[in-house]
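Undergrad: build me a model:
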Amino acid sequence: MSIVSIEPGDASPLARLTFPAWRHILTDPGERNLVIAAARSGAEDVGLAFAWITDDGEAELVSIYVEPLHRSDDLLRGLLRHIEAVCRAQGCHMMGHQPTIWEDDQALAALLVGEGWSRPMVRQLVCSTTVTNARSTPWLMRAETPKGYGIIDWSDVSPVMRAELKSRAEEGRAFWPELLDPFRHEQELFHPTSVALVSEGCVRGWILCHIPGQDTVRWTVSWVDENLQGLGYIVPLWKAAVERQATRTNREAFMWSVPRELPRMCRFVTRRMRPWLSRLGYAATMIKRLDQEA
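TA: Numbers count the residues shown, from 1 in each chain. Have a look, this model is predicted:
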């Protein structure tokens, strides 16, 4: 087994060894300053790590992965040290990584900490489940659309509704965190399961979905007006998205994340949702100073 450097122009065949969301970086690297390493068994590439160096002397470890049949701490450690050494040689003083750390698999995070990385700083809870699990959740399936409200496809939100929603935000009559702004997430939207809660011609909530992988739907943003949150009006929206996924798609899994800045929702996940989840994880940030190495 060996660790070898890979030129960006030769990295396309390795795209299978990273998440679908990152594959375009390897298949079309463009002008990115990439550092790429492969773990090789004979003539076969069985592992991959790559980082992206920015103009300010920092690097982001985008992905590190070894196929299960070949996986070992020594091989992961070898990939990591190779990437760190090349980044350090190029003048990088800091490296970051943003892993998802699942409750049932914290091995990579532990390995990074053992290699001098910071302990994980949690940014979001990450929830993963299935349509089958969701349709077995009693409190979800009991949910009914409140009187005076309706649930429609996001694609059916009219131009007038869109304009009204934007004007409420601009005038301070409505608020949502910037990362949950629906208008920022409409590119490559998965329309079959993206929905809106409406009342009296106004949008009061939404779930916008995307496809991160072959079998999974991601609820990228999920929100209802602040004055409706304590009333549980988000739950019928969740149910509507689940039912649409069940009847309109052949995808079983779905996932979503909850920012730590929404403590009420984080508590709901850990207290009410956890029994019906397939997995619970944590989107975290880890960093390592490279200029302190000997």
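Undergrad: show me where the stretch 151-294 of the chain has helices.
TA: 159-170, 226-229, 234-248, 263-268 (DSSP state H, counting those that start in this stretch).
Undergrad: before we move on, which element is Ser128 in?
TA: Ser128 belongs to strand 121-130 when assigned by DSSP states H and E.
Undergrad: now do that strand: which elements does it pack against?
TA: Helices and strands touching strand 121-130, by 3 or more Cβ pairs under 8 Å, 6 or more residues apart in numbering; DSSP states H and E, are strand 253-259, strand 279-289. Where C-beta positions appear, they are placed from N, C-alpha and C, glycine not excepted.
Undergrad: hey, least reliable of the ones you listed by pLDDT?
TA: Lowest mean pLDDT within the helices and strands packed on strand 121-130: strand 253-259, a mean of 92.
Undergrad: what lines up beside that one in the sheet?
TA: Applying DSSP bridges to the sheet, strand 253-259 is found paired with strand 121-130 (antiparallel), strand 216-224 (parallel).
Undergrad: ok, residues contacting whichever strand or helix holds Cys87?
TA: Take DSSP H and E as the rule and Cys87 turns out to sit in helix 73-89. For helix 73-89, the surrounding residues in contact (Cβ atoms under 8 Å, 6 or more residues apart in numbering) are 1, 3, 5, 35, 37, 39, 47-51, 53, 59, 61, 64, 66, 95, 107-108, 111-112, 115, 288, 290-291, 293.
Undergrad: if we can go back for a sec, okay, the strands paired with strand 253-259, which one's buried deepest?
TA: strand 216-224 (a mean of 21; mean count of other Cβ atoms under 10 Å).
Undergrad: how far off centre is stretch 278-288?
TA: Between the centre of stretch 278-288 and the centre of its chain there are 10 Å (Cα atoms, centre = their mean, to the nearest Å).
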